[in-house]
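# kindly generate the corresponding structure for this input.
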Amino acid sequence: MTSTVTLYRPTGPEELALVEASGNRRWPPRLPDQ
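Below you'll find the predicted structure:
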């Protein structure tokens, strides 16, 4: 079964991995240049 995840900011594969590692509960901190 395929699930859909709706994200509310542009997310690359590395950042998405950090979100998944948190149990999909939080965004990682922004980088200084963001």
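
# which stretches of the chain form helices?
In order along the chain, the chain carries the following helices (DSSP state H): 13-21.

# what comes up buried for stretch 7-25?
Using 16 or more other C-beta atoms under 10 Å as the test for burial, stretch 7-25 gives 15, 19. For every residue, glycine as well, the C-beta is placed using N, CA and C.

# any idea of the mean pLDDT in that stretch?
This predicted structure assigns stretch 7-25 an average pLDDT of 86.

# and that stretch, how far apart are its ends?
Distance between the two ends of stretch 7-25: 12 Å, counting by C-alpha to C-alpha, to the nearest Å.

# who touches it?
Residues from elsewhere that reach stretch 7-25 (C-beta atoms under 8 Å, 6 or more residues apart in numbering): 5, 26-28.

# can you do 6 Å?
For stretch 7-25, the external contacting residues (C-beta atoms under 6 Å, 6 or more residues apart in numbering) are P28.

# distance from that stretch to the middle of the chain?
Its chain's average C-alpha position is 1 Å from that of stretch 7-25, according to C-alpha atoms, centre = their mean, to the nearest Å.

# for stretch 11-31, same thing?
A distance of 3 Å separates the C-alpha centroid of stretch 11-31 from that of its chain, computed with C-alpha atoms, centre = their mean.

# ends of it, how far apart?
From the first residue to the last, stretch 11-31 extends over 13 Å; the measure is C-alpha to C-alpha.

# what of stretch 22-34?
21 Å.

# let's have the chain start at 375 instead
I'll keep to 375 as the first residue from here, and by that count the last item is stretch 396-408.

# what is the burial count for R400?
Burial of R400, expressed as a neighbour count using other C-beta atoms under 10 Å, amounts to 9.
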